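Enquirer: Curious how this folds, go ahead:
(one chain, ligands or ions: 1)
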Amino acid sequence: MKGKCIIFSAPSGSGKSTLVHWLMDTHPELRLAFSVSATSRAPRGNEKDGVDYFFLSPEEFRERIAKGDFLEYEEVYGGNFYGTLRSQVTAALDKGINVLFDIDVKGGVNVKKQFGNKALSIFVCPPSLEILRSRLEGRGTETPEKIEMRLAKASEEMTYSTQFDHVVVNDVLEDAEAEVFRLVHNFVCQKD
Ligand code: 5GP
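Expert: As a prediction, the model looks like this:
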């Protein structure tokens, strides 16, 4: 049996990555493999090539767009490219592994359109924009200007939530974890 696609998208600061890592680490029985995206932005902190992203130069990225290597790609946050490589996804699906995507809202809608009922799309949202602001400030990694930019982007991104199969509000982390597990477990186990 072929694998399925699980798509997670969210405005930044919604706690999406925490939920995704929790799901992968605590539920190996779901047979999830993370779709490692490609990006033209520089690595941050401890990020490793091939693990967090495939880091490409803007020229390499454009060449691979021209070759049709991407399932989807976007230009986000001031000219950086992000995209999902077809090769990453098809090889895993053919082996019966479920592929988990952590991508931006437009990419999420795009992948869902391509895979239809073979994909489950989940939109993770913060309880409110005010709480999102305090989470971004709490991280202490962004300048005030960057925070304002991210918040403006977040309110635009929230408008995409209706195009997802499910919306999970990440207020109490344990509740959001339980909800995400329930949704993914049901989808992965469902026969079609
Ligand atoms: P960051 O630079 O913080 O790692 O990611 C910035 C944004 O790019 C996040 O919203 C992330 O979900 C999104 N992103 C990461 N990989 C992909 C991808 O393959 N395709 C798309 N469309 N967005 C991605």
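
Enquirer: Can you give me the buried ones in the helix or strand where Ala176 lies?
Expert: Element membership for Ala176, per DSSP states H and E: helix 173-189. Neighbour counts over helix 173-189 (16 or more other Cβ atoms under 10 Å) mark 176-177, 179-181, 183-184, 187-188 as buried. Placement of C-beta: from N, CA and C, glycine included.

Enquirer: now the strands for this structure?
Expert: Along the chain, the stretches classed as strands by DSSP state E are 5-9, 32-34, 38-39, 54-55, 70-76, 80-85, 98-102, 119-125, 166-169.

Enquirer: Check those strands for me: which has the lowest mean pLDDT.
Expert: Out of the strands of the chain, strand 70-76 stands lowest, with a mean of 92 (criterion: mean pLDDT).

Enquirer: How far away from the center of its chain is that one?
Expert: Strand 70-76 sits 12 Å away from the centroid of its parent chain (Cα atoms, centre = their mean, to the nearest Å).

Enquirer: and what of stretch 85-103?
Expert: The chain centre lies 13 Å from the centre of stretch 85-103; the measure is Cα atoms, centre = their mean.

Enquirer: wait, does it contact the ligand?
Expert: Yes - Stretch 85-103 comes into contact with the ligand when judged by Cβ under 6 Å from any ligand atom, the residues involved being 102-103.
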